[in-house]
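Asks: Pasting the sequence and the predicted coordinates here, then a few questions.
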Amino acid sequence: MKRKLLITGAAGRIGSFFLKTYKDDYDFVLTDKLEAADTHGYPFHLADLSDFAAVQTLCQGVDTVIHLGADPSMEATWESLLPNNVIATYNVFEAARLAGCRRVIFASSVNAVFGYPADVQVHTEMPIFPINLYGATKCWGEALGRYYSHTHQLSSICLRFGAVQPRDSSHIQLDHPFIDIILTWDDCARLIASAVNAADSISFGIYHGISENRFKRLDISTARRELGYAPQDDAYAMAKERKG
């Protein structure tokens with residue numbers, strides 16, 4: 001039997017790409033505040049994640065929640081972050097707990113540790129270091145995952161996405177400051193799938209998500225070892241090839 005996955009933020013670029021890539025591998029329930037361009041035949045629900053009753057309904061019968069829904073702006077204001085990133089994330093974890101879901105996969109961000117100098121490779125055991133309110137809300141989500149895994153035995157996997165970009169992104173340039181944190185859409189989908197399929201024995205974990213870049217600002221060895229994450233793209237090689 002296929003796992004049933006709930007994707008929040010399903011109309012966004014990551015959710016849309018993951019659905020397109022794995023539409024035949026899982027059963028899906030989709031939700032977002034905006035209409036999705038293509039649901040591939042799966043049920044879609046317009047919902048505001050700050051509405052707990054709506055989230056609770058969506059979690060019924062779901063194996064794994066992939067929580068992508070949030071305000072993704074590094075410059076987002078508190079007035080937006082409070083309902084969309086703080087309250088919504090609590091609602092997702094609590095609704096998943098009440099529904100008996102097996103796992104929540106939380107889309108965290110490099111912004112949770114973006115304060116470290118660019119020449120320091122960040123490992124998952126290093127303290128959080130956000131430099132904007134958006135990053136602080138991602139730290140909140142990671143803390144919620146730790147709480148729910150410990151207190152309520154809800155498996156919680158937090159994925160710190162780097163700069164998620166399509167292959168033709170202007171960010172993939174040799175001199176671009178984000179070249180060392182690129183996570184291609186393809187590798188991002190691979191990372192999420194590895195978290196979905198990871199052993200039930202993983203009750204909690206924070207994992208870095210970037211591609212197989214020659215230079216890696218985030219260490220991904222734990223994701224390789226524990227999740228079986230196997231990135232295929234190298235942003236540096238792609239940029240070098242593009243330059244000719």
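Replies: The structure has been received and is ready for your questions.
Asks: measure the residue positioned nearest the centre of the chain to residue 145 for me?
Replies: With distances taken as Cα atoms, centre = their mean, the residue of the chain nearest its centroid is residue 107 (2.5 Å). From residue 107 over to residue 145 the distance is 11 Å, taken as Cβ to Cβ, to the nearest Å. C-beta coordinates here come from the backbone N, C-alpha and C atoms, glycine included.
Asks: Same question for residue 117.
Replies: 27 Å.
Asks: Pull out the buried positions in the helix or strand that the residue nearest to the centre of the chain is a member of.
Replies: For residue 107, the host element (DSSP states H and E) is strand 103-109. For strand 103-109, the neighbour count (16 or more other Cβ atoms under 10 Å) marks 103, 104, 105, 106, 107, 108, 109 as buried.
Asks: And for stretch 139-154?
Replies: Buried, per 16+ other Cβ under 10 Å, within stretch 139-154: 139, 140, 141, 142, 144, 145, 146, 148, 149, 154.
Asks: Just the residues contacting it, thanks.
Replies: Identification of contacts with stretch 139-154 by Cβ atoms under 8 Å, 6 or more residues apart in numbering yields 67, 85-86, 89-90, 93, 96-97, 101, 103-104, 106, 108, 112, 128, 130, 155-158, 203-204, 206.
Asks: same check, this time on stretch 228-244
Replies: 167, 172-174, 176, 179-180, 182, 184, 186-187, 190-191, 194, 197-198, 207, 209-215, 220, 223-224.
Asks: could you check the angle strand 103-109 makes with the biggest helix by length in the chain?
Replies: In the chain, assigned by DSSP state H, the helix with the most residues is helix 133-152. Interaxial angle of helix 133-152 relative to strand 103-109 (axes from the mean of the first three to the mean of the last three Cα atoms, to 10 degrees): 160 degrees.
Asks: Okay, helices next: where are they in this structure?
Replies: 13-22, 52-58, 78-81, 88-99, 133-152, 185-197, 221-222, 235-243.
Asks: TSV for those helices, including distance to residue 122 and mean pLDDT?
Replies: Rendered in TSV, the data for these read as follows (distance: least, Cβ to Cβ, whole Å; pLDDT from 0 to 100):
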stretch	distance to residue 122	mean pLDDT
helix 13-22	21	98
helix 52-58	31	97
helix 78-81	23	98
helix 88-99	22	98
helix 133-152	13	98
helix 185-197	16	98
helix 221-222	12	98
helix 235-243	17	86
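Asks: Can you say which of these is nearest to residue 2?
Replies: Comparison of the helices of the chain against residue 2 by Cβ to Cβ identifies helix 13-22 as nearest, at 10.1 Å.
Asks: For that closest one, enumerate the helices and strands it packs against.
Replies: With contacts taken as 3 or more Cβ pairs under 8 Å, 6 or more residues apart in numbering; DSSP states H and E, helix 13-22 sits against strand 4-8, strand 27-32, helix 185-197.
Asks: by how many degrees do the first one and helix 88-99 diverge?
Replies: Interaxial angle of strand 4-8 relative to helix 88-99 (the same axes, to 10 degrees): 160 degrees.
Asks: helices and strands around strand 4-8, which ones?
Replies: For strand 4-8, the packing partners by 3+ Cβ pairs under 8 Å, 6+ apart come out as helix 13-22, strand 27-32, strand 64-67.
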